[in-house]
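K.L.:
the sequence isn't on hand, but the structure is:
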């Protein structure tokens, strides 16, 4: 089992940038496919970005493609989500997760989750 802890959320104006982090303990990222998901009030949790355990490929939701970048620092056992050109509709609790996915990352493919970090984008 891997323990995940997110940090770095906060309040930012539209057009701004923010980086959220996910620190892992108990296991290393090389053991899992990793993902970022988000959940806005009254909405279902949705996929944002993912990276294969090999680090060879990244995946993004269409809504964030070109604005968000997922990366992993194996030396720090930490995954990052760099978010640029933020929009009010990006406001949500952001979760990192560990698991194994097939062609398309889904919530059900991930078995370990962090507690989430709030990102609020003001207009």
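P.N.:
Yep, it's here. If you're wondering where the values come from, they're calculated on a predicted model, not measured in any experiment.
K.L.:
tell me the centre residue of this protein?
P.N.:
residue 36 (2.3 Å; C-alpha atoms, centre = their mean).
K.L.:
in the strand or helix carrying it, what's buried?
P.N.:
If you go by DSSP states H and E, residue 36 is part of strand 33-39. By 16 or more other C-beta atoms under 10 Å, the buried positions in strand 33-39 come out as 33-38. Using the backbone N, CA and C atoms, a C-beta is placed for each residue, glycine as well.
K.L.:
can I get these in CSV including distance to residue 122 and pLDDT?
P.N.:
Putting the buried residues of strand 33-39 into CSV (distance: C-beta to C-beta, whole Å; pLDDT from 0 to 100) gives the following:
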residue, distance to residue 122, pLDDT
33, 33, 95
34, 29, 96
35, 26, 97
36, 21, 98
37, 22, 98
38, 17, 98
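K.L.:
now do the contacts for the residue nearest to the centre of the chain.
P.N.:
Residues in contact with residue 36 (C-beta atoms under 8 Å, 6 or more residues apart in numbering) are 20, 22, 48-50, 70, 79, 81, 94-97.
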